[in-house]
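**Student:** I need the structure of the sequence given here:
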Amino acid sequence: LTPLIMWVLNNTSAQPLTFLLTGIPGLRAAKIWVSIPVCLLYAGALSGNSVILFVVLREQSLHEPMYYFLSMLSATDLSLSLCTLSTTLGVFWFEAREINLNACVAQMFFLHGFTFMESGVLLAMAFDRFVAICDPLRYTTILTNARIAQIGMSMLTRNVAVMLPVVLFVKRLSFCSSMVLSHSYCYHVDLIQLSCTDNRINSILGLFALFSTTGFDCPCILLSYVLIIRSVLSITSIEGRQKAFNTCISHISAVAIFYIPLISLSLVHRYGHSAPPFVHTIMANIFLLIPPVLNPIIYSVKTKQIQKAVIKVLIQKELILLAHALFLTLPL
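**Tutor:** Sure thing, here's the model as predicted:
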């Protein structure tokens, strides 16, 4: 995707503009202290999702649809963290606040694209749970490896299709007054508000991108759980019901920690005009950092197969290191 984005950026009317990123408004004097939890959250997101990806790829027993979707979620969370890591830590640690238009638009594309991708992966995981509970006998025939790959490619294609028009129309805006962005990364709404030309088309495209992705995925996830609950309630044994519900707890938690901050951020932007600027920025950072940090923890705690695989990999690593240390101590 990177060559495609760079081609779009280079073949539109580029402007030699530089924007200034902001850490947390009003808390600039305490940026060192603020950077510590932010850095820890980034470290947790990168390490946790890397471990999940490594374990799923390494362990043959986890090569099942549910864990393929989990690896997609981890890859998306990892990418979402990486696309804002450089500018956020640059602002907090090195006072590197400047970013040119092309870099800003590219970051905006990947930031929103991976956010929409996460919404799509959560929908795919809801479909996985729906098939597993409502039609378990056909689970392996419905969710084949080829179909899982098709689902992943369709989500990727959807995100590129909705984000490319946004990029093209942002590049056609003119910026002539304030060049200060209110976040430590490039956010679409934040960027178009700095334009001194008519940005109604950009606002419409942004809303279309939002409603055609998360606005479509969220109701579908709710519908899938309505059908799942109806199917589970038809199970006569209490143990069977509990077992069926337990398989959904991790996914429900992941949906909650993604959509609750997203809805809260939308409400703050819409109705919280009187709130201090740092409230908006903190809410935006919570939305970007909390899901990538918590998702690996939730799935590691709630999924016994992931727990066993992580422990197995760690034990194997310790044994390899121990054997290597013993080998080095042997006389030649």
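**Student:** all helices for the stretch 1-150 of the chain, in order.
**Tutor:** 2-10, 31-58, 65-94, 101-134, 139-142, 145-171 (DSSP state H, counting those that start in this stretch).
**Student:** how about the ones you listed in CSV, adding mean pLDDT and mean neighbour count?
**Tutor:** Placement of C-beta: from N, CA and C, glycine included. Below are these laid out as CSV (pLDDT from 0 to 100; neighbours: other Cβ atoms under 10 Å):
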stretch, mean pLDDT, mean neighbour count
helix 2-10, 56, 12
helix 31-58, 88, 17
helix 65-94, 91, 21
helix 101-134, 94, 22
helix 139-142, 93, 13
helix 145-171, 93, 16
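**Student:** and of these, who's closest to residue 290?
**Tutor:** Nearest to residue 290, of all those, is helix 31-58, at 7.8 Å by Cβ to Cβ.
**Student:** summarise which helices and strands the closest one is packed against.
**Tutor:** helix 65-94, helix 277-302, helix 304-329 (3 or more Cβ pairs under 8 Å, 6 or more residues apart in numbering; DSSP states H and E).
**Student:** can you classify residue 197 by secondary structure?
**Tutor:** coil (DSSP: H, G, I helix; E, B strand; the rest coil).
**Student:** mind listing what it touches?
**Tutor:** 173-174 (Cβ atoms under 8 Å, 6 or more residues apart in numbering).
**Student:** separation between it and residue 173?
**Tutor:** Look at residue 197 and residue 173: by Cβ to Cβ, to the nearest Å, they are 6 Å apart.
**Student:** got it, and residue 92?
**Tutor:** Counting by Cβ to Cβ - residue 92 and residue 173 are separated by 28 Å.
**Student:** with residue 152 instead?
**Tutor:** For residue 152 relative to residue 173 (Cβ to Cβ), the value is 33 Å.
**Student:** cool, and residue 226?
**Tutor:** In terms of Cβ to Cβ, residue 226 sits 42 Å off from residue 173.
**Student:** who has more neighbours, those two?
**Tutor:** For residue 226 and residue 173, the more surrounded residue by other Cβ atoms under 10 Å is residue 173, and the numbers stand at 20 against 10.
**Student:** so after the helix or strand that contains residue 229, what's the next helix or strand?
**Tutor:** Element membership for residue 229, per DSSP states H and E: helix 214-233. Counting by DSSP H and E, the next helix or strand C-terminal to helix 214-233 is helix 238-271.
**Student:** give me the mean pLDDT for that next one.
**Tutor:** Helix 238-271 carries an average pLDDT of 85.
**Student:** now that helix against helix 65-94, angle please.
**Tutor:** 30 degrees (axes from the mean of the first three to the mean of the last three Cα atoms, to 10 degrees).
**Student:** and helix 238-271, what does it pack onto?
**Tutor:** By 3+ Cβ pairs under 8 Å, 6+ apart, helix 238-271 packs against helix 101-134, helix 214-233, helix 277-302.
**Student:** which outside residues touch the shortest one?
**Tutor:** If I follow you right, that is helix 214-233. Residues contacting helix 214-233 (Cβ under 8 Å, 6+ apart): 115-116, 119-120, 122-123, 126-127, 129-130, 133-134, 241, 244-245, 248, 252, 255, 259, 262.
**Student:** and the angle from that helix to helix 238-271?
**Tutor:** 160 degrees.
**Student:** the last one now?
**Tutor:** Helix 277-302 and helix 238-271 meet at an angle of 170 degrees, taking the same axes, to 10 degrees as the criterion.
**Student:** also the first one?
**Tutor:** For helix 101-134 against helix 238-271, the angle between stretch directions is 150 degrees (the same axes, to 10 degrees).
**Student:** quick check: the gap between the residue nearest the centre of the chain and residue 226.
**Tutor:** Centroid-nearest residue in the chain: residue 77, 4.0 Å away (criterion: Cα atoms, centre = their mean). Per Cβ to Cβ, residue 77 is found 27 Å from residue 226.
**Student:** residue 128 against residue 65, yeah?
**Tutor:** Yes. Between residue 128 and residue 65 there is a contact at 5.6 Å, judged by Cβ atoms under 8 Å.
**Student:** joint contacts of these two?
**Tutor:** The contact lists of residue 128 and residue 65 share residue 143, where a contact means Cβ under 8 Å, 6+ apart.
**Student:** coming back round to it: residue 22 is nearest to which of the helices of the stretch 1-150 of the chain?
**Tutor:** Proximity to residue 22, assessed across these by Cβ to Cβ, is greatest for helix 65-94 (7.3 Å).
**Student:** what packs against the closest one?
**Tutor:** Right, helix 65-94 is packed against helix 31-58, helix 101-134, helix 145-171, helix 277-302, helix 304-329 by 3+ Cβ pairs under 8 Å, 6+ apart.
**Student:** find the nearest non-adjacent residue to the residue nearest to the centre of the chain, please.
**Tutor:** residue 292 (3.7 Å; Cβ to Cβ, 6 or more residues apart in numbering).
**Student:** report how many residues lie close to that neighbour.
**Tutor:** Residue 292 - counted by other Cβ under 10 Å - has 28 other residues nearby.
**Student:** hmm, back to that, format the helices and strands packed on helix 238-271 as CSV; extra columns: distance to residue 86.
**Tutor:** Formatted as CSV, those follow (distance: least, Cβ to Cβ, whole Å):
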stretch, distance to residue 86
helix 101-134, 9
helix 214-233, 25
helix 277-302, 14
